[in-house]
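Chemist: Structure for this input, please:
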Amino acid sequence: MESLYRVVNKTDYEKALETGFVPRCNSDERANLVHLNIKQSVEIVASTYFDVSEFPVVLEVNPSSFSQAISWHEPTKAKPWKEARAAIQNIAMQSVCAVYELAYIEHGKDVKFKLGKRI
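Modeler: This is a model prediction of the structure:
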């Protein structure tokens, strides 16, 4: 299975490094699952849900250890990107195969994130 991606803020990334598990976001808690994205969706997800002050990063995840728990959801009006949802408690950091920075471009009040270099 191809890699999946998770955008997290700096605080959650630091917690993941300390505990070995990526914390769930509020949306994950409400749905009782973990939201993941395909590579093509990372920039729009980051630009939709994150602010520059959060210093978000992108985790590249090897989903082989939880592939049976993944369901796929097609784009909707509210979420115009394909999304993977994993019925797991957390992503283990041992499943993270790379971490990428997010560069940003300001357009007036709007900020657009771009997938940056590997950290």
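
Chemist: ok, longest helix in this structure?
Modeler: helix 10-19 (DSSP state H).

Chemist: C-alpha coordinates for it, CSV please?
Modeler: Only the C-alpha atoms of helix 10-19 are listed here, as CSV (Å, rounded to 0.1, in the frame of the first residue of the first chain):
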residue,chain,number,x,y,z
LYS,A,10,4.5,21.5,16.0
THR,A,11,3.1,20.8,19.5
ASP,A,12,1.5,17.5,18.5
TYR,A,13,4.7,16.5,16.6
GLU,A,14,6.8,17.1,19.7
LYS,A,15,4.3,15.0,21.8
ALA,A,16,4.5,12.2,19.2
LEU,A,17,8.3,12.2,19.5
GLU,A,18,8.1,12.0,23.3
THR,A,19,5.3,9.3,23.5
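
Chemist: What are the buried residues along it?
Modeler: 12-13, 16 (16 or more other C-beta atoms under 10 Å). For the C-beta atoms, the positions are set from N, CA and C on the backbone; glycine is no exception.

Chemist: and the residue of the chain most remote from its centre, what is it in contact with?
Modeler: Residue distances from the centre of the chain (C-alpha atoms, centre = their mean) peak at Gly108, which lies 25.2 Å from the mean C-alpha position. Contacts here follow C-beta atoms under 8 Å, 6 or more residues apart in numbering; on that basis Gly108 touches nothing.

Chemist: the strands in the chain, which residues?
Modeler: Ranges of strands in the chain, per DSSP state E, are 4-8, 21-22, 34-37, 57-61, 70-73, 83-86, 91-92, 96-107, 110-118.

Chemist: Throw these into JSON lines and include mean pLDDT, thanks.
Modeler: Converted to JSON lines, the strands of the chain look like this (pLDDT from 0 to 100):
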{"stretch": "strand 4-8", "mean pLDDT": "98"}
{"stretch": "strand 21-22", "mean pLDDT": "98"}
{"stretch": "strand 34-37", "mean pLDDT": "97"}
{"stretch": "strand 57-61", "mean pLDDT": "98"}
{"stretch": "strand 70-73", "mean pLDDT": "96"}
{"stretch": "strand 83-86", "mean pLDDT": "96"}
{"stretch": "strand 91-92", "mean pLDDT": "98"}
{"stretch": "strand 96-107", "mean pLDDT": "94"}
{"stretch": "strand 110-118", "mean pLDDT": "93"}
